[in-house]
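Colleague: structure here, sequence nowhere to be found:
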């Protein structure tokens, strides 16, 4: 999901082929971005992530013929569409981000003698996303776009209509707050296996 | 017991939050955390758990996250058939311009179309006129990247022009540009127009794109013959093809005139 797992040198060809209706080329783009988009939406609109991800791709398909730019820009463009979906969803439903996630569960269930540890490990991506989603919305958004989207400061600033400096500050605050939250939950340092 | 445990947990959490302020975070560490390049073992005090959390958040995709591929591709196929993209990308357009006189005529015709003399242009260059009309929205977007708010309206106007131009050119063919066809047509025209100089074309991005779309370099001629044949389904194009999109936010350009199409917002 990180930037180093991008499509890379073949991206321009893949893009052009997809713009010409090549389904396999589109599938390459989809496979590359769908997990990240889905995870971003689990942060931005937790209970509607799957639907909004599908809607995002409808938007992307519709606009694909007009897109111009490199891969980083394409990622930014797709995440812009995803964010629009999330913003619309919040607006329409007048919903708030999820209530406080019981983070202490994480610590309790992750105790080394807990037979559920293995199961928890399998879910840890979802747990991590839920914790990021607990941040104040603007911080959560920046952290999610930077970390999950693999987008740089400039791209995130462009997506959010903020200055790069503001994006850096929000990311910084989000990270500190998350760290604090984990410490407060007594998140055991020994927990993780890798 | 459980109440007691819950209370104990609550107390623990409360105490922890009282004493806990995460240690200062320097920019370098923050950047490494955000790039998920900070090994928890190397993390400064107070940040190991966060490093693990971010690693978990970016763990490799699981099968269930990719389960929708089939549906997504089916959606793509259905949408590109019924409602093809309406504009050529610059990447698709550029090689054509580089390769053929006909494509230059297309560009000229585009200018003429914008100038309101589409009929004259299409009279002289029937197919080029049609192509040019399809390209107009691209030109509009590109040339007024700073004024993207106008994009939607301009796109509709231009699509109207496209319909008119095509009507003149193709003898009453449908309004609404058929752009997956148009993109394909453009590349095929460029290819056909330059058939005398084969070597030059083989390694061009345009030809590679064509070959890929056609399913192989050898299949390009047949693919292009099919492409440039008169449309069989002339009357069936979507009348609502003009983009129902929200232009990308101003400032989305990177200063090189590389505007991007705004993601549509209608679902």
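Modeller: Cool, the structure landed. Keep in mind that this is a model prediction, so the values were computed, not measured. Numbering: from 1, shown residues only, chains lettered A, B, ... in the order given.

Colleague: and residue A:143, how far is that from residue B:47?
Modeller: For residue A:143, the distance to residue B:47 (CB to CB, to the nearest Å) stands at 14 Å. Just so you know, the C-beta spots here come from the backbone N, C-alpha and C atoms, and that holds for glycine as well.

Colleague: which neighbours do the two share?
Modeller: Shared contacts of residue A:143 and residue B:47, defined by CB atoms under 8 Å, 6 or more residues apart in numbering or on different chains, comprise residue A:175.

Colleague: so what secondary structure elements neighbour the helix or strand harbouring residue A:172?
Modeller: Counting by DSSP states H and E, the element that carries residue A:172 is helix A:164-184. Judged by 3 or more CB pairs under 8 Å, 6 or more residues apart in numbering or on different chains; DSSP states H and E, helix A:164-184 is in contact with helix A:124-133, helix A:137-143, helix A:153-160, helix B:2-19, helix B:27-34, helix B:48-57.

Colleague: what's the domain layout of chain B?
Modeller: According to automatic domain parsing, chain B comprises the domains B:22-59, B:93-236.

Colleague: and the last one, average pLDDT?
Modeller: Domain B:93-236 shows a mean pLDDT of 47 in the predicted model.

Colleague: what's the answer for the first one, then?
Modeller: Throughout domain B:22-59, pLDDT has a mean value of 92.

Colleague: okay, how far is it across it, tip to tip?
Modeller: Between the start and the finish of domain B:22-59 there is a gap of 25 Å, counting by CA to CA, to the nearest Å.

Colleague: and that domain, what's buried?
Modeller: Using 16 or more other CB atoms under 10 Å in any protein chain shown as the burial criterion, the residues of domain B:22-59 that qualify are B:22, B:25, B:29-36, B:38, B:40, B:43, B:46-59.

Colleague: near chain A, from these?
Modeller: Under the cut-off given by CB under 8 Å from any CB of the partner chain, chain A has B:22, B:25, B:30, B:33-36, B:40, B:46-50, B:52-59 from the buried residues of domain B:22-59 close to it.

Colleague: hang on, residue A:135 packs against residue A:170?
Modeller: No. Between residue A:135 and residue A:170 there is no contact, the gap being 9.3 Å when judged by CB atoms under 8 Å.

Colleague: could you name every residue contacting both of the two?
Modeller: Overlap of the contact sets of residue A:135 and residue A:170 (by CB under 8 Å, 6+ apart) consists of residue A:143.

Colleague: how many residues are close by residue B:70?
Modeller: By other CB atoms under 10 Å in any protein chain shown, 10 other residues sit near residue B:70.

Colleague: I'd assumed it was in a strand, is it?
Modeller: No. Secondary structure of residue B:70, determined by DSSP: H, G, I helix; E, B strand; the rest coil: helix, with no strand assignment.

Colleague: any low-confidence regions in chain A?
Modeller: A:1-5, A:95-123, A:186-194 (pLDDT under 70).

Colleague: helix or strand: which one has the residue positioned nearest the centre of it?
Modeller: To find the centre residue of chain A, average its C-alpha atoms and take the closest one (CA atoms, centre = their mean): that gives residue A:40, at 2.2 Å. Element membership for residue A:40, per DSSP H and E: helix A:23-44.

Colleague: how big is the angle separating that helix from helix B:48-57?
Modeller: For helix A:23-44 against helix B:48-57, the angle by axes from the mean of the first three to the mean of the last three CA atoms, to 10 degrees is 140 degrees.

Colleague: ok so, going back, residue contacts, the residue nearest to the centre of chain A?
Modeller: Residue A:40 sits in contact with A:79, A:82, A:144, A:145, A:148, A:149, where contact means CB under 8 Å, 6+ apart.

Colleague: quick one: which of those sit in helices?
Modeller: Among these, the residues falling in helices (DSSP state H) are A:79, A:82.

Colleague: make a markdown table out of the contacts of residue A:40 and add neighbour count and distance to residue A:10.
Modeller: As requested, these are arranged in a markdown table below (neighbours: other CB atoms under 10 Å in any protein chain shown; distance: CB to CB, whole Å):
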| residue | neighbour count | distance to residue A:10 |
| --- | --- | --- |
| A:79 | 27 | 21 |
| A:82 | 31 | 23 |
| A:144 | 29 | 27 |
| A:145 | 31 | 25 |
| A:148 | 28 | 23 |
| A:149 | 25 | 21 |
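
Colleague: can you pull the contacts of the residue nearest to residue A:76 when sequence neighbours are not counted?
Modeller: If the residues on either side of it in the chain are set aside, residue A:76 comes closest to residue A:155, at 4.1 Å by CB to CB, 6 or more residues apart in numbering or on different chains. When the contact criterion is CB under 8 Å, 6+ apart, the partners of residue A:155 are A:72, A:73, A:75, A:76, A:145, A:149.

Colleague: secondary structure class of residue B:24, three-state.
Modeller: Under the three-state scheme (three-state DSSP), residue B:24 adopts coil.

Colleague: state the distance from it to residue B:36.
Modeller: Going from residue B:24 to residue B:36 by CB to CB gives 21 Å.
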